[in-house]
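K.L.:
Sequence and computational prediction follow.
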Amino acid sequence: MNSYDDPSSARGRADVPGPSDDYGAPRARGSARGGSEGGWSRSGDGYGSSPAPRPTSGRAPAGSGRASVGSSSGRASVGASPGRASAGRASVGSASPGSASPGSAGRASVGAAGGRATVGRASVRPVSPAGPEFGRPDVLEGPGGPSGPTGPGRRAARGGKGKGDPAAIKRAKRRKRINWIVAAFAVVVMMAGAGVVGLTWFYDDVPAYDTSELQATTIVYADGKTELAKLGEVNRTLVPAEKISPVVKNAVMAAEDKNFLDHEGIDLKGIARAAWNNFSGGDTQGASTITQQYARHAADLSGINYNRKIREAVLARKLEQDLTKDEILGYYLNAIYYGRGANGVEAAAQMYFRKSVLVQPGQKGALTKEEAAVLAAVIKQPEPDPSTGHKGYDPQVNPTAAKDRWNYTLGNMVEKGWMTAEERAKSVYPDKTLQKYDPKKCNIGCGIDKPTGNVVNYVRDELNAMGIPPEEWKRGGYRITTTINPQAQKSAEEATRWASKTSPMNKLPKHYKAALVAIDPSNGRVLAYYGGENGTGYDYAGLNDGGNSGGHAPGSTFKIYTLAAALRENIPMDSRWDALKDDDNGRKISNAGRDAGDIRCGKGCTLEQSTISSYNVPFYWIADGIGPDKVVAAARDAGVRTMFDTNKGKPHNLMQTDPKKLAPAEFDNEVAFGQYPITVLDHANGVATLANRGVYNKAHFIMSVEKRDANGKFVKIAGKGEKLDPQVKFEANQIDDINAVLQKIPDNISKDLKEGRPATGKTGTWELNQERSDNGDAWMVGATPQVAAAVWVGTEGKRRAIQEAGGKKMSGSGTPASIWEMFMDLVHSRLNLKIERFEDRKNTGDPDSPYPNGQSPPPPSQAPPQGNECGLLPDILCPGRNRGGDGNRNGDGNQGPNTTPTSAPPQQNPLPGRAEAARACIKFLAGLRRAQVAPCGVGRKAAYNTGMRPCARHHLTPSGLRLAPTNSLIQALARPVPTRRLLGSARAYRADPAFHRA
């Protein structure tokens with residue numbers, strides 16, 4: 001009996017030259033059975049063995065002793081004793097990485113009159129010239145079916161043939177005879193049955209099949225349908241066999257194994273035909289039934305040789321005995337690879353037609369017979385095979401071959417009665433419903449290489465915290481609904497990405513980076529997250545390196561937590577502080593680059609003035625008075641979880657450490673004005689807590705976790721998903737006072753939102769270093785009652801100076817504020833959020849608090865004003881005198897019936913000219929800026945007439961007009977603005993966007 005060695009053996013080779021019965025390179029799949037990429041088998045033989053000396057003859061000489069036949073991969077010894085011959089082991093390395101299986105041929109005993117012949121185990125490597133194709137796991141190779149037309153496949157170099165070389169011709173004939181003998185033997189073995197030739201060993205030794213399949217875990221946006229990312233090993237969605245449309249089942253059987261319902265796992269006619277084709281020199285055919293294909297996949301059998309085919313056939317018989325036809329077909333459909341990254345028929349239907357195989361015929365959205373035939377036709381070779389040059393049967397890649405295969409499939413459907421001749425005559429290739437394939441679209445691993453990749457990282461962390469570790473969700477079958485709103489995320493990326501043409505970042509150098517996080521204050525859901533271009537790079541909005549790095553110095557934006565700590569200690573907003581006391585026993589306190597002459601309130605600045613003007617010195621003394629640990633505690637309670645010290649750069653978990661142990665040891669009084677780095681995510685969480693009137697909701701990314709059940713439906717997992725736990729951390733009235741002050745800042749920097757939408761805000765910067773006045777970090781944070789957002793701008797890598805496009809030093813009121821304003825306008829518009837207002841100011845706190853260190857000014861004069869009782873702006877302060885017109889004296893003033901006697905017509909109060917109005921306005925507001933704030937019990941009109949500034953509660957003029965700050969108004973008046981827009985009715989004011997935005 002011949003031995004099956006590699007080409008250096010005189011015995012020839014058992015590998016069959018020609019194309020694989022699988023029509024394509026076998027896919028690499030990791031296996032627990034041993035083996036390696038290098039081709040080493042478990043026995044130690046494989047690629048790399050030194051070839052043994054070639055024998056002088058291909059036949060062992062007869063004699064009374066033993067003769068050995070050498071080969072590169074094994075050794076066969078034939079005993080010469082009468083009545084018994086023994087063939088030893090031969091072992092050849094496998095070309096399939098991760099699944100080398102020595103001894104895969106098994107053992108067969110054949111009785112003989114003169115004694116017994118025993119064939120030992122042999123493992124033969126395939127002949128494939130190209131070797132295996134790596135990178136696609138769990139690929140089930142489609143052979144094209146036992147009755148299918150011969151398709152492309154691998155043809156190994158036959159070798160040995162050459163004109164004028166009799167030895168080569170003789171060797172070629174010998175190989176051909178070997179092919180025929182082995183093929184015939186395979187047929188005989190399978191026809192004879194296990195009992196005749198000892199196939200009991202196969203039944204015992206063939207690995208058990210595994211019907212489980214890896215699926216994908218899908219991550220979706222908050223809308224529950226838009227895919228954000230896919231995780232896992234393969235893009236597969238398992239569906240129950242009984243739920244799969246019969247149209248799809250029939251099409252696949254027609255394409256791959258039209259006699260599937262008739263045979264018992266092995267098509268003997270197909271095997272004989274394939275053997276004859278191989279013997280006659282045609283393309284090698286595998287004659288694999290659907291059951292055999294699935295057997296190969298389930299047992300992870302690989303290689304292209306008859307040895308494997310026998311094992312495959314035996315396992316197919318096992319499957320047929322254990323499972324029903326519908327179960328086998330269902331497992332097969334869920335396992336097969338369809339190209340385009342789709343494993344399983346459901347993923348394929350979605351990828352090719354955006355349809356589901358679960359929709360039954362006749363229902364809306366069901367796959368048609370023509371569409372099902374397209375899917376079935378692809379199975380034979382889903383993708384191009386470089387080794388053969390065949391482009392496969394994806395209609396987008398190879399439309400001609402795809403349609404030929406489609407016609408073949410429909411023909412078989414008619415033959416089997418699964419389609420009528422009339423239906424076939426009317427069939428049209430479904431080009432209109434066929435989806436174009438974009439490799440960049442969401443497949444396994446998609447989303448990681450996009451800005452949402454950082455969201456995926458948080459989702460992984462939260463799943464692990466819920467008790468769903470990576471080894472579990474990687475097996476797939478989960479659907480994770482995130483809190484990320486697709487429109488909010490789109491708005492964040494448009495406003496923040498350097499690549500966005502509309503983003504303020506687009507004007508800056510590419511090494512400038514920005515980050516933005518938006519949170520719903522009412523529940524802590526992260527609506528949008530941008531920390532970088534992908535999930536594998538540096539996350540500028542969160543922590544990196546396992547939480548050991550990240551964060552940016554927040555500067556004055558951190559003062560919102562100092563305010564919260566101060567009001568907790570009953571310090572009122574109108575308390576007075578010395579903004580000029582910039583020395584603490586020789587320790588210089590920076591006042592953000594302001595000279596003493598720039599601080600008009602000097603030694604008597606209110607806490608409100610210090611917040612709006614962002615003076616550092618008063619906040620330093622607040623921390624010094626109440627203790628920096630109180631500031632750290634307020635930040636922690638608002639949502640700041642991690643803060644870095646600036647000496648060692650060490651992160652400190654504020655949730656797990658007592659603030660008294662951290663401050664002042666790690667965080668000194670400078671914590672009050674933002675020296676110590678925090679993350680953008682934490683800062684957004686803190687802003688959200690203040691916007692929610694002091695009620696904290698932990699920022700989170702997962703809304704719900706579902707898993708597919710036996711019926712293919714997603715069912716929520718009890719105890720998994722978000723667990724809302726709102727916690728009251730601050731007194732609501734105190735937070736109302738803070739929000740009332742913070743609402744003035746967006747207007748003050750000309751970043752008020754559209755439609756007069758109220759919003760809080762705070763800017764902040766931190767210097768690059770003590771030697772330079774350039775800034776290295778710039779921030780803007782703020783919120784409406786519905787959305788809280790934090791924005792940071794800096795540089796990648798080592799901190800560098802940041803400047804605006806024109807070369808001006810960047811501050812928080814520049815690019816960061818522009819990004820914040822753009823995002824907030826976009827997100828409120830796209831989410832169709834109604835205008836909501838914050839609660840009124842409550843003026844909490846103890847007027848006799850011991851902490852303030854400033855001087856109180858003398859009480860203002862209460863003498864009534866002389867002259868015009870309406871002040872300098874009668875049309876604003878006394879709207880009753882305005883007739884409601886548009887200021888052009890053309891009437892329509894809606895003044896009502898005229899009750900004045902006609903003999904004494906009322907005198908008109910003519911509007912002043914533009915120049916006069918501008919001068920009057922400037923003079924009035926300039927004086928107002930320096931004036932004292934009136935008590936909230938004093939109305940706006942009375943406050944103006946007594947030379948005082950109205951309380952913040954009266955933020956609207958009597959006519960309903962929002963009064964702009966002095967500097968912005970002066971800038972607006974410097975432009976050619978018509979007088980009617982300055983001093984006309986409230987309607988005219990509102991109609992002027994330029995003035996309103998000022």
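P.N.:
Thanks, I have it.
K.L.:
a strand runs through residue 643, doesn't it?
P.N.:
Yes - counting by DSSP: H, G, I helix; E, B strand; the rest coil, residue 643 falls inside a strand.
K.L.:
Which residues are in contact with it?
P.N.:
Residue 643 makes contacts with 551, 632, 635, 651, 652, 654, 662, 667, 676, 677, 678, as judged by C-beta atoms under 8 Å, 6 or more residues apart in numbering. Yep, even glycine has a C-beta here, placed from its N, CA and C like the rest.
K.L.:
What about the residues you listed, which are in helices?
P.N.:
632, 635, 662 (DSSP state H).
K.L.:
isn't the last one right next to residue 650, touching?
P.N.:
No - applying C-beta atoms under 8 Å as the test, residue 662 and residue 650 come out as separate, 10.7 Å apart.
K.L.:
Can you check which residues contact both of those two?
P.N.:
If you check residue 662 and residue 650 against C-beta under 8 Å, 6+ apart, no residue is contacted by both.
K.L.:
The two: who's more crowded?
P.N.:
The neighbour count for residue 662 versus residue 650, taken as other C-beta atoms under 10 Å, is higher for residue 662 (22 against 11).
K.L.:
From residue 748, how far out is the residue nearest to residue 581 when sequence neighbours are not counted?
P.N.:
Residue nearest to residue 581 in three dimensions, not counting chain neighbours: residue 617, with 6.1 Å by C-beta to C-beta, 6 or more residues apart in numbering. Noted for residue 617: a distance of 20 Å to residue 748, by C-beta to C-beta, to the nearest Å.
K.L.:
how many neighbours does the residue nearest to residue 581 have?
P.N.:
26.
K.L.:
and it, what is it in contact with?
P.N.:
By C-beta under 8 Å, 6+ apart, the residues touching residue 617 are 577, 578, 579, 580, 581, 582, 589, 591.
K.L.:
Could you rerun that using 6 Å?
P.N.:
579, 582, 589, 591 (C-beta atoms under 6 Å, 6 or more residues apart in numbering).
K.L.:
Quick check: the two most widely separated of those?
P.N.:
579 and 589 (10.2 Å; C-beta to C-beta).
K.L.:
Between these two, which is the more surrounded one?
P.N.:
With neighbours defined as other C-beta under 10 Å, residue 579 and residue 589 compare such that residue 579 has more, 27 against 18.
K.L.:
Over to the more buried one. Which of the three states is it?
P.N.:
Recorded secondary structure, residue 579: coil (three-state DSSP).
K.L.:
Is it in contact with residue 616, as I believe?
P.N.:
No - counting by C-beta atoms under 6 Å, residue 579 does not reach residue 616; the two are 8.7 Å apart.
K.L.:
Do I have it right that residue 320 meets residue 262?
P.N.:
No - in this structure residue 320 lies outside contact range of residue 262 using C-beta under 6 Å: 11.9 Å.
K.L.:
what about residue 833, distance to residue 753?
P.N.:
As judged by C-beta to C-beta, residue 833 and residue 753 stand 11 Å apart.
K.L.:
of the two, who's got more company?
P.N.:
A side-by-side neighbour count of residue 833 and residue 753, using other C-beta under 10 Å, places residue 753 first with 20 against 14.
K.L.:
these two touch, right, the more buried one and residue 759?
P.N.:
Yes - counting by C-beta under 6 Å, residue 753 touches residue 759, with 5.2 Å between them.
K.L.:
before we move on, back to that, which strand or helix spans the residue nearest to residue 581?
P.N.:
Per DSSP states H and E: residue 617 is located in helix 616-626.
K.L.:
for the record, mean pLDDT for that helix?
P.N.:
For helix 616-626, mean pLDDT is 98.
K.L.:
Kindly report the same for stretch 845-861.
P.N.:
On average, stretch 845-861 scores 87.
K.L.:
Now do the buried residues in it.
P.N.:
By neighbour count on 16 or more other C-beta atoms under 10 Å, the buried set for stretch 845-861 is 845, 851, 852, 853, 854.
K.L.:
got it, and stretch 407-425?
P.N.:
408, 409, 410, 412, 413, 414, 416, 418, 419.
K.L.:
tell me the two of those that are most distant?
P.N.:
The most widely separated members of the buried residues of stretch 407-425, counting by C-beta to C-beta, are 408 and 418 (13.8 Å).
K.L.:
still on that earlier bit, distance check, the residue nearest to residue 581 against residue 634.
P.N.:
Distance check for residue 617 against residue 634: by C-beta to C-beta, it reads 19 Å.
K.L.:
Residue 225 now?
P.N.:
Distance of residue 225 to residue 634, given as C-beta to C-beta: 40 Å.
K.L.:
neighbour-wise, which of the two wins?
P.N.:
Per other C-beta under 10 Å, whichever of residue 225 and residue 634 has more neighbours is residue 634, with 25 against 9.
K.L.:
Relative to residue 564, how far out is the more buried one?
P.N.:
Going from residue 634 to residue 564 by C-beta to C-beta gives 4 Å.
K.L.:
any idea how far residue 214 is from residue 468?
P.N.:
Distance from residue 468 to residue 214, by C-beta to C-beta: 16 Å.
K.L.:
low-confidence ranges in the protein?
P.N.:
The model of the chain has pLDDT under 70 over residues 1-212, 270-287, 301-307, 440-443, 593, 860-998.
K.L.:
Show me the helices in the stretch 251-400 of the chain, by range?
P.N.:
268-279, 290-298, 306-322, 325-335, 345-353, 369-378, 399-415 (DSSP state H, counting those that start in this stretch).
K.L.:
Looking at those, which is nearest to residue 257?
P.N.:
Proximity to residue 257 (C-beta to C-beta) singles out helix 290-298 among the helices of the stretch 251-400 of the chain, at 4.2 Å.
K.L.:
Give me the contact list for the closest one.
P.N.:
140, 209-210, 256-257, 260, 265, 312, 315-316, 319, 328, 331-332, 335.
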